[in-house]
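**Q** mind looking at a prediction? Sequence and model below.
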Amino acid sequence: MSQHSKRYDTSNSRYDREALYKVGEAIDLVKSMASAKFDETVELAVRLGVDPRKADQIVRGTLTLPAGTGKSVRVAAFAAGDQAAEARAAGADVVGADDLVARVRDEGFLDFDVAISTPDLMGQVGTLGRILGPRGLMPNPKTGTVTTDVARAVTEFKGGRVEYRTDKVGNVHLPVGKVSFSRADVLANVHAVIEELIRAKPASAKGRYLLAVTLSSTMGPGVRIDPARAREVEEELAATA
């Protein structure tokens, strides 16, 4: 007896789960199989040929999705004085210094998706490592979340900038839009992610780099993309234009 929902099983029967599709074909399948009553997120998972146990093979950074994520991103800014005012003006959802550190530490406040900090407050924010770290919320200079230009960082993350990092087995998971997005918008976002991951390839990584690429919606099955043809999305974008 299937352990999946009837919706999932119905969707799963519409395509060949072993086949490797072109990016555009995968997008069409994912969009056609999404049948939840909410606007599902389209997610891209990429297995990279790296060894995350080695510090020089951890792939991480940020990129701006050209069509945005389609979701409202809640941003917390650890800043004081003029920088706090600039963060609020840029649209940060919660702004504070000592008070925000205490709120996270003492009340367990975590109602945000991205945390940004000015360098001068990192001594205090660093004490929240056990709380923020496991949730991927600790500000880090490598991802642009420790910066003196807090307003710009807030604007970028509210506008579609996302963080990525390999997990313990070398996978990177990123949202690339919503089911309601046009095919061209999802194509543009997938293209941006693939190109960014290739740009970020560690010099010490040898052999095949893009090992597996899968696209899915929140409630739908994963559709496999041919890794060897993942960069052809640029050609598909040109054909869509």
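**A** Received it, and whenever you're ready, just let me know what you need.
**Q** and residue 73, helix, strand or coil?
**A** Here residue 73 takes the coil state, with states given by DSSP: H, G, I helix; E, B strand; the rest coil.
**Q** apart from its chain neighbours, what residue comes closest to it?
**A** Ranked by CB to CB, 6 or more residues apart in numbering and with sequence neighbours excluded, the top spatial neighbour of residue 73 is residue 113, at 5.0 Å. No exception for glycine: its C-beta is placed from N, CA and C like everyone else's.
**Q** mind listing what the one you found touches?
**A** With contacts taken as CB atoms under 8 Å, 6 or more residues apart in numbering, residue 113 has the following neighbours: 73, 74, 75.
**Q** out of those residues, which comes closest to residue 44?
**A** Each of those was scored against residue 44 by CB to CB, and residue 73 proved nearest at 17.4 Å.
**Q** how many neighbours does that closest one have?
**A** Other residues near residue 73 come to 18 when the count uses other CB atoms under 10 Å.
**Q** got the contact list for it?
**A** Residues near residue 73 by CB under 8 Å, 6+ apart: 113, 114, 157, 158.
**Q** over to residue 118?
**A** Contacts for residue 118 (CB under 8 Å, 6+ apart) come out as 78, 79, 80, 83, 146, 147, 148, 150.
**Q** before we move on, back to that, report the buried members of the contacts of residue 73.
**A** For these, burial is judged from neighbour counts taken by 16 or more other CB atoms under 10 Å, and it is met by 113, 114, 157, 158.
**Q** dump these to CSV, plus secondary structure.
**A** Converted to CSV, those look like this (three-state DSSP):
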residue, secondary structure
113, coil
114, strand
157, helix
158, helix
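**Q** where does residue 11 land on pLDDT?
**A** With respect to pLDDT, residue 11 has a value of 48.
**Q** where in this protein is pLDDT low?
**A** Low-confidence segments of the chain, defined by pLDDT under 70, span residues 1-14, 234-241.
**Q** who's in contact with residue 151?
**A** The contact partners of residue 151, taken as CB under 8 Å, 6+ apart, are 83, 86, 87, 89, 90.
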